[in-house]
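# return atomic coordinates for the entry below.
(chains A and B)
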Amino acid sequence: MDRKTRVRFAPSPTGPLHMGGVRTALYNYLYAKQHGGDFIIRIEDTDSQRFVPGAEKYIIEALNWCGIIPDEGVDAEGNVVETPSERHPHAPYRQSQRRGIYRKYAEELVEKGYAYYAFDTAEELAAKRAEAEASGRTFIYNHITRNELRNSVSMPESEWKPLLETHTDWTIRFKMPDNRVVKMDDLIRGHIEVNTDTLDDKVLWKRADELPTYHLANIVDDHLMEITEVIRGEEWLPSLPLHYLLYEAFGWQDTQPRFAHLSLLLKPDGKGKLSKRDGDRLGFPVFPLKWVNPQGEVSRGYREDGYFPEAFVNMLAMLGWNPGDDRELFTMEELVKAFSLERVIKSGARFNPEKAKWYNKEYLRMKSDAELTDLFIPVLEGHGIQVVSCPKCALTAGAEVTVQGADFKNRIFTRDYVQKVVTLIKERATFVADFWDIASYLFVSPQTYAEKDAAKFWKEENYTLAFQVAEFIENFDGGNGPAGVEFTKEQIEGPMEEFIRSHEWPMGKVMNCLRLALVGASSGLGIADIVSIIGKAELAVRIENIRKALL
RNA sequence: GGUGGGUUCGUAUAACGGUUAGUACUCAAGAUUUUCAUUCUUGCAAUAGGGGUUCGAUUCCCCUACCCACUACCA
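Take a look at the predicted model:
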């Protein structure tokens, strides 16, 4: 068969999309793109009870953030398509809006003898289950019990037929054959066989809300939408025999999609699958985007935590798949090329938040300084820093000093100044938000001095020397101009060290006193970097400040 | 309980019957630097257990253990 590859991601809008769901969508997307096929979104909202407002929008926005863009099912504005068009021939893509088409398929199965009407109420069945459980057994609706229950198999037609009209709570159930071995193939797990005796007569369609259950809707829509591969979570593996049997009952074996069941994401520690609770407990997001549920509870998201979508996607792709070599960094295009279902791991993958951070760090380093500057500016503004595009603009904005592109007093800095900072600190950060913690002293004079560091270095025999070094820097002319002009790191570094060495002063002690004045602690960039970026005037201010504070 | 799936360093994974069982993250140590961070080097650390098949098993088969999923008129 040479059908065009068509895969679908079919979420249920019962809440925000979990990162495991994003991974399933991603693998579908990669598979589709690799085969030059279509990636389709279909909303499986056949459970009106569990519908959550906003969930559908969230799912689409999340996929969009990740760069997982559907070819069909969602329009350019991010809305699920409701009316058919050339681009979206199978609309509507919401199962609740397709409800009219499922009943006839269910009834076709009844007519062919593959399904039957069942009139048992939910309460009756619950009672049966409770009863069985009390005696240590399990009740299952199958070829043995169906004859003692109320349905069109056990009752004469004259008795059940009228019920179709008089009752509104009947269902159509699949008539699971007895003692038949269903032979299946999974693209990831290989050959699987299951005996139908262990399976039950699943409900396919409900009269009460005139809606199909997952099983029927799924098979019918996959068939109608010409899906060629079904890539979904492992939780569906147990119902694969039912789905095979449904394709058979409909006579659709020729176009039956191939199946691939993905393992689940497990929590970082302990037992069990990854849940929202683990994120709260261990301090990492389990959702791509921030989510506020109808009760007002907030769940953090990767986006809001400062992750780059490329890093998030790359990390997710490597959780349960590998290219067969040591490569770990992939763009979406590279993933499309390298991906293969054959290399998807069968076992559950434990999620490792540390590795997620590592990915972000790697991607941060790959970003251009200009791009990172754009991202850093809003963070600075959040700390009361004003960033302007040029020195002139700084003056207009009320700045007094523009030599370095920095006015510390009025907290006005030029974009060039910010980018210089970014260049110096990007290797030290994992997130853009870290920039402030790493480099706030390049925007604001230290207000306090770390006690421990001060106790260690702030001694008279050290700081008197440091003051002399500061004076040396203030008088340094960069080698090509009168005193008072600024200098680059390269210009000051050598002479400053030479100055200290020539006096045989203890380098570490002197430098750390200066550092205490400039940073407020015994950490941070090299002194030459700091003074060249903040300038002589600010150096003088900080020396004066620490004199007042510590002398 | 039943059915199905799974099991390589702490974690993610590599090794299509033959390797000193590799790589990355984490952690530790060392080097470098004026501090911190970076960087570099080194190190710690695994085939769940037991039987087979085979000259040879992480790899194939069986059993046990453990983990996961499913067992709804939910998906």
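
# which helix or strand contains A:Arg173?
Using DSSP states H and E, the element containing A:Arg173 is strand A:171-174.

# what lines up beside that strand in the sheet?
Sheet pairing here is set by DSSP bridges, and for strand A:171-174 it gives strand A:115-118 (antiparallel), strand A:203-206 (antiparallel).

# can the last one be found next to RNA strand B?
When you say that, I think you mean strand A:203-206. Yes - in terms of CB under 7 Å from any atom of the strand, part of strand A:203-206 sits within range of RNA strand B, namely A:Val203, A:Lys206. In short, each C-beta sits where N, CA and C put it, glycine included.

# sorry, back to before: just the CA atoms of the strand holding A:Arg173, as CSV, please.
Below are the C-alpha coordinates for strand A:171-174, written out as CSV (Å, rounded to 0.1, in the frame of the first residue of the first chain):
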residue,chain,number,x,y,z
THR,A,171,-25.8,0.9,25.2
ILE,A,172,-24.3,-1.0,22.4
ARG,A,173,-21.6,-3.4,23.5
PHE,A,174,-19.0,-5.2,21.4
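
# surely A:Asp197 touches A:Val181?
No - A:Asp197 lies out of contact with A:Val181 (CB atoms under 8 Å); the separation is 9.5 Å.

# what number of residues lie near A:Ala122?
Using other CB atoms under 10 Å, A:Ala122 has 10 neighbouring residues.

# so who does the nearest residue to A:Leu289 once chain neighbours are set aside touch?
Excluding the flanking residues, the one nearest A:Leu289 by CB to CB, 6 or more residues apart in numbering is A:Gly301, at 4.0 Å. Listed by CB atoms under 8 Å, 6 or more residues apart in numbering, the contact set of A:Gly301 reads A:Pro285, A:Phe287, A:Pro288, A:Leu289, A:Lys290, A:Trp291.

# show me what contacts the closest residue to the third one other than its chain neighbours?
So that's A:Pro288. Leaving aside its sequence neighbours, A:Pro288 sits nearest to A:Ala62 (CB to CB, 6+ apart; 4.2 Å). By CB under 8 Å, 6+ apart, A:Ala62 lies in contact with A:Pro16, A:Leu17, A:Val22, A:Phe287, A:Pro288, A:Leu289.

# what is the burial count for A:Glu229?
A:Glu229 has 21 nearby residues by other CB under 10 Å.

# quick check: it touching A:Thr255?
No - assessed by CB under 8 Å, A:Glu229 is found out of contact with A:Thr255, at 11.9 Å.

# ok so, going back, neighbour count: A:Asp197 and A:Val181, which is higher?
A:Asp197 (15 against 10).

# would you mind measuring from that one to RNA strand B?
With distances taken as CB to the nearest atom of the strand, to the nearest Å, A:Asp197 is found 8 Å from RNA strand B.

# with adjacent residues omitted, what lies nearest to that residue?
A:Asn179 (5.4 Å).

# and that neighbour, which of the three is it?
coil (DSSP: H, G, I helix; E, B strand; the rest coil).

# residues contacting it?
A:Asn179 touches A:Asn195, A:Thr196, A:Asp197, counting by CB under 8 Å, 6+ apart.

# count the neighbours of the second one for me.
Okay, so that is A:Thr196. 18.

# check the first one too.
By other CB under 10 Å, 12 other residues sit near A:Asn195.

# next one: A:Arg542
24.

# just checking, it touches A:Ser445?
Yes - taking contacts as CB under 8 Å, A:Arg542 lies within contact range of A:Ser445: 5.5 Å.

# host element of the nearest residue to A:Ile219 once chain neighbours are set aside?
Counting by CB to CB, 6+ apart, A:Leu246 is the residue found nearest to A:Ile219 once chain neighbours are left out, at 4.6 Å. In the assignment (DSSP H and E), A:Leu246 maps to helix A:240-250.

# report the buried residues of that helix.
Of the residues in helix A:240-250, A:Leu240, A:Pro241, A:Leu242, A:His243, A:Tyr244, A:Leu245, A:Leu246, A:Tyr247, A:Ala249, A:Phe250 count as buried by neighbour count, 16 or more other CB atoms under 10 Å.

# got any ranges where the stretch 201-350 of chain A has weak pLDDT?
Applying pLDDT under 70 to the stretch 201-350 of chain A flags no residue at all.

# which bits of it sit near RNA strand B?
Applying CB under 7 Å from any atom of the strand, we find that the stretch 201-350 of chain A lies next to RNA strand B at A:203, A:206-208, A:211, A:213-214, A:234-239, A:263-264, A:266, A:268, A:271-273, A:318-322, A:324, A:326, A:328, A:343, A:345-350.

# any chance of a ChimeraX selection covering the buried ones in those residues?
Buried residues among these (16+ other CB under 10 Å), as a ChimeraX selection:
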select /A:203,206,207,211,213,214,234,236,237,263,264,266,268,273,318,319,320,321,348,349
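
# in strands, which of the residues of the stretch 201-350 of chain A next to RNA strand B appear?
A:Val203, A:Lys206, A:Leu211, A:Leu266, A:Ala349, A:Arg350 (DSSP state E).
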